[in-house]
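Enquirer: coords please:
(2 chains, ligands or ions: 1)
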Amino acid sequence: MADGVAVVGVAESDLGITDQTILGLQAQAISRALADAGLSLSDVDGLATNGAARFSTAQVAEYVGLRPTWTDSTAAGGSSYEIFLGHAVDAINAGRCKVVVISYGSNQRSARSRSLAGVAEAHLPDQQFEAPYGPLYPISLYAMAAQRYLHEYGATSQQLAEVAVAARAWALLNPKAFRYDAGPLDVDDVLSSTMVSSPLHVLDCCLVTDGGGAIVVTSLERARELRDDPVVVRGWGECTTSSSMAQVPDLLVPGAAVSGQRALTDAGLSVDDIDVVEIYDSFSINVLLSLEALGFCGRGQAASFVQGGRIRPGGGLALNTSGGGLSYCHPGMFGLLLLVEAVRQLRGECAERQVPGACTALVHATGGALSTHATVVLGVDR
Amino acid sequence: MSNDPAPERPLAPADCDTRGWWDATRRHELVVQRCDSCGHAQHYPRAICTTCGGSELSFQLTQGRGEVETFTVVHRAPNPAFTAPYTVALVRLLEGPVLMTNIVGCAVDDVRIGLKVSVQWEPHPDGRNIPVFTPEGGQHGFPADR
Ligand SMILES: [Zn+2]
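Expert: Modelled structure (predicted):
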């Protein structure tokens, strides 16, 4: 990877219930991330964003007063931001741009804009071949993957629930988490919560909140001038497998198997070398599927792998240290906030939830209905 | 709430790629697309074979039978056309392709992965029929009207 690219600024916008606009949240996050980097808007020549408008980069650029000469508005759902980061690494290494801002914002909770049926695009095949059956998008697809997982491997809903229980334990250590004050969860709480799409209960599903974030990326050379703790992008990979719910090639082996392998190979690392793991937990099952596909454990083993406190604070695998989409924040698409948390862990800024001595982080995000998959490996600069 | 009849299922119009498939449903025939070049069977119908890239594709009648590959019981209907709880399933046809469907004619608690099912038709107001699946007779010992 040429001379290297690093993250020099990260920020969240306001989170939770904000009563702010999408563009306002983006502007807030961008300003805060640039301040964190010690840069200003005039330093920025690249912008990657989506979800704000039909022409998201144009709209956000206009709103904050940028005229970028490199943009990316890849719309891959929750994994877009890991994909943006990978694309930005290539662009910076190739000399196409110097300072890239990646941003996202959503006011879905304040605006009550989330629909259980998802967003219908009438010309697409799923509106003829899936919508007539009333699946919840995308919950029912993850539920069907979970059902298949439990059947195939003899796992239980109790084991699945541990993912949500552990996420809550982390959230109790994060003052910005939506569930910071909500108290601990136990497995029975999850299993006795409302069933939405079996076997997934409401507590197996991510939050619906507002929120957003931004990160600032530049060459490692420039990064070292800006701060003494830049976070280096060591590797990344992406894999797109399908769009509709009935078209997922393998419900038990998501594209993480491909994107993760590529990211780790780029980095010259194995999963044993990773100190912090941030995995998109849109639904509890997605964490199990991702852990297996990324190679943290074997096929069918994740349900037992996560037991015994292994993924809770102080356990053997520091996973979803912010509290995740399940208990921290889920503004429609969560991928950017996974990166923010990983960078903060590598800078040692996470106070009570800090993973001691964290030097490497793996971030993996999934978008759509097991549609898009992207992995980024980050490391400290030494 | 009101005495209006239940709203129809959301169903987009057929298009030039899918019209043959939907026309078959008017005759209560479940078809899949088969590639004239390589023989690959696929669903949903489209303008290209996803195996060889071929563009010559024909509709082939299926037996209308298959197996539940996985399913979920939906407890919150996304719109008034559906009354929860109901079962959404992926059924693998004997001919290979997988389709999304509902499992009807049995209690939601009786649906299992591996359940053998066969097609039934639900009329849509525009004359098309929507394929749903029901457990094959005698396999499970409960009446079809349960
Ligand atoms: Zn073919």
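
Enquirer: Those residues of chain B touching chain A, which are they?
Expert: Applying C-beta under 8 Å from any C-beta of the partner chain, we find that chain B lies next to chain A at B:9-15, B:18, B:22, B:43-44, B:46, B:69-79, B:81-82, B:86, B:88-90, B:98-102, B:113, B:124, B:130, B:132. C-beta here means a position set from N, CA and C on the backbone, and glycine is covered the same way.

Enquirer: can you rerun that using 7 Å?
Expert: Neighbours of chain A within chain B, by C-beta under 7 Å from any C-beta of the partner chain: B:9-12, B:14, B:18, B:44, B:70-79, B:81-82, B:86, B:88, B:90, B:98-102, B:113, B:130.

Enquirer: Take those residues and keep only those in strands.
Expert: In this view, the residues of chain B next to chain A that belong to strands under DSSP state E are B:70-74, B:86, B:88, B:90, B:98-102, B:130.

Enquirer: In TSV, list these along with neighbour count, pLDDT and distance to residue A:66.
Expert: Listed next are these as TSV, based on neighbours: other C-beta atoms under 10 Å in any protein chain shown; pLDDT from 0 to 100; distance: C-beta to C-beta, whole Å:
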residue	neighbour count	pLDDT	distance to residue A:66
B:70	25	98	46
B:71	26	98	48
B:72	30	98	44
B:73	22	98	48
B:74	27	98	43
B:86	17	98	48
B:88	27	98	44
B:90	26	98	45
B:98	18	98	45
B:99	23	98	46
B:100	25	98	43
B:101	26	98	48
B:102	26	98	49
B:130	20	98	49
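
Enquirer: nearest to the ion, of those residues?
Expert: residue B:98 (17.5 Å; C-beta to the ion).

Enquirer: okay, now the domains of chain A?
Expert: Domains of chain A are assigned by automatic domain parsing as A:5-113+A:210-232, A:136-204+A:235-380.

Enquirer: Tell me the residues of chain A that contact chain B?
Expert: A:116-117, A:122, A:125, A:127-136, A:140, A:143-144, A:147-148, A:151, A:195-198, A:245-246, A:251.

Enquirer: Take those and keep only those in strands.
Expert: Among those, the members falling in strands (DSSP E) are A:195-197.

Enquirer: who wins for neighbours among those?
Expert: Within those, most neighbours by other C-beta atoms under 10 Å in any protein chain shown means residue A:197, with 30 neighbours.

Enquirer: my guess is that residue meets residue B:77, correct?
Expert: No - here residue A:197 does not reach residue B:77: they are 10.9 Å apart, not a contact under C-beta atoms under 7 Å.

Enquirer: which phi and psi does residue B:134 have?
Expert: The phi/psi pair for residue B:134 (degrees, to the nearest 10) reads phi -140, psi 150.

Enquirer: Leaving out sequence neighbours, find the closest residue to it.
Expert: Among residues not flanking residue B:134 along the chain, residue B:105 sits closest, at 3.6 Å (C-beta to C-beta, 6 or more residues apart in numbering or on different chains).

Enquirer: which SS state does the one you found fall under?
Expert: Look at residue B:105: counting by DSSP: H, G, I helix; E, B strand; the rest coil, its state is coil.

Enquirer: Mind checking which of the residues of chain A next to chain B are buried?
Expert: For the residues of chain A next to chain B, a burial check counting by 16 or more other C-beta atoms under 10 Å in any protein chain shown picks out A:116, A:125, A:127-136, A:140, A:143-144, A:147-148, A:195-198, A:245-246, A:251.

Enquirer: can you tell me which of those are in helices?
Expert: If you go by DSSP state H, those have A:127-129, A:140, A:143-144, A:147-148 in helices.

Enquirer: Turn those into TSV, including distance to the ion and pLDDT.
Expert: Below are these laid out as TSV (distance: C-beta to the ion, whole Å; pLDDT from 0 to 100):
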residue	distance to the ion	pLDDT
A:127	25	96
A:128	22	97
A:129	20	98
A:140	30	98
A:143	32	98
A:144	27	98
A:147	31	98
A:148	27	98
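
Enquirer: my read: residue A:237 touches residue A:373, true?
Expert: No - the criterion here is C-beta under 7 Å, and residue A:237 misses it with residue A:373 at 8.4 Å.

Enquirer: list residues touching both of those two?
Expert: When contacts are counted by C-beta atoms under 7 Å, 6 or more residues apart in numbering or on different chains, residue A:237 and residue A:373 are jointly contacted by residue A:259.

Enquirer: mean confidence for whichever strand or helix holds residue A:63?
Expert: Using DSSP states H and E, the element containing residue A:63 is helix A:56-64. The pLDDT scores in helix A:56-64 average 97.
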